[in-house]
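In: Mind folding the following:
(one chain, ligands or ions: 1)
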Amino acid sequence: MGANIIYGKELAAELREEMKQEVAELKTKNIVPGLTVIILGEDPASLSYVRGKQKASEKVGMESNLIEMPETTSEQELLDLIAEQNAEESVHGILVQLPLPAHISEQKVIEAIDPAKDVDGFHPINVGRMMTGQDTFYPCTPYGILVILKKAEIDIKGKHVVVVGRSNLVGKPVGQLLLNEHATVTYCHSKTPDLGYHTKQADIVIVAAGKAGLVTGKHIKEGAVVIDVGVNRVDGKLVGDVDFDSVEPIASHLTPVPKGVGPMTITMLLHNTIKAAKKIYNVI
Ligand SMILES: Nc1nc2c(c(=O)[nH]1)N[C@@H](CN(C=O)c1ccc(C(=O)N[C@@H](CCC(=O)O)C(=O)O)cc1)CN2
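Out: Predicted structure coming up:
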């Protein structure tokens, strides 16, 4: 029969409509959620993501401030800019687009952001809160995956989730969020021998490895849910880490690339920014 294709893009549009209403209500209380996005350099994909973030935040009625800096910006200049934004009252969320140029320590930059404004959920305080099951800012892509699974009414509790990939941005936090939902979580990565041995046992497979077509039909159990987080350009075409054509007849649910998980990343950033503003004004 073939998999149910889950379009995160449609869910993202629905959620953004709801956020528009929420921002309008906050405005009646003189609260305007404000987001600062900082980017260094001119990588075309990163520029397109940050412009997408700015456009999406303005569309829901938030204040948005995009700061574009040269690739040669020093670490200290960036840390000073973050300190200014930490102190700026109208700014409730701060995000530094990753990856950063090699001469800058990403960890130092992440730790410079006020945890109360860390709408990416990357600060160790927020990561620690997530790990201990507390309410906090969750990283946007993993959070988007959790929302996709919940909206599609996919059971998580007691299910075996195999995460392929162990990045701080996606792999590690998505496993943690699903563990918090009582899943049994296995992590696989580039040094895992026999990837298929593990993925074949999974009820839910989340692939965030950055390798086009890594997971194929032969890696998947009949009826499994497959979430593709890959964003790879092959011959100018955007493709995921999952070989769609061979997985689609086997999986029960499958997210496509594009229009699957990707659009939820920016949507959850908007959610986190609204949450940050509400927390600062104590309206949560
Ligand atoms: N500070 C951060 N940096 C990065 C993050 C992040 O969450 N915070 N994530 C990624 C990139 N990213 C957002 O920044 C992102 C990636 C993909 C999409 C998306 O909507 N993808 C579309 C396709 C877009 C295209 O055509 O290229 C899709 O999958 O349909 C949004 C945001 C790294 N850096």
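
In: where along the stretch 51-200 of the chain do the helices fall?
Out: Along the stretch 51-200 of the chain, counting by DSSP state H, counting those that start in this stretch, helices occupy 75-87, 106-112, 124-131, 140-151, 171-180, 195-199.

In: Which stretch among those helices approaches the ligand most closely?
Out: For the helices of the stretch 51-200 of the chain, proximity to the ligand was assessed by C-beta to the nearest ligand atom; helix 140-151 is nearest, at 4.5 Å. (C-beta placed from N, C-alpha, C; glycine too.)

In: So what touches the closest one?
Out: Outside helix 140-151, the residues within contact range by C-beta atoms under 8 Å, 6 or more residues apart in numbering are 6, 8, 11-12, 15, 119-121, 138, 156, 169-170, 173-174, 176-178, 181, 204, 206, 208, 225, 227, 229, 255, 261, 264-269, 271-272.

In: which parts of the stretch 1-150 of the chain sit against the ligand?
Out: Counting by C-beta under 6 Å from any ligand atom, the stretch 1-150 of the chain comes close to the ligand at Y49, L95, V96, Q97, L98, D120, C140, T141.

In: For those residues, give me JSON lines that also has pLDDT and neighbour count.
Out: JSON lines is the format used below for those (pLDDT from 0 to 100; neighbours: other C-beta atoms under 10 Å):
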{"residue": "Y49", "pLDDT": "98", "neighbour count": "19"}
{"residue": "L95", "pLDDT": "98", "neighbour count": "23"}
{"residue": "V96", "pLDDT": "98", "neighbour count": "25"}
{"residue": "Q97", "pLDDT": "98", "neighbour count": "19"}
{"residue": "L98", "pLDDT": "98", "neighbour count": "16"}
{"residue": "D120", "pLDDT": "98", "neighbour count": "24"}
{"residue": "C140", "pLDDT": "98", "neighbour count": "26"}
{"residue": "T141", "pLDDT": "98", "neighbour count": "23"}
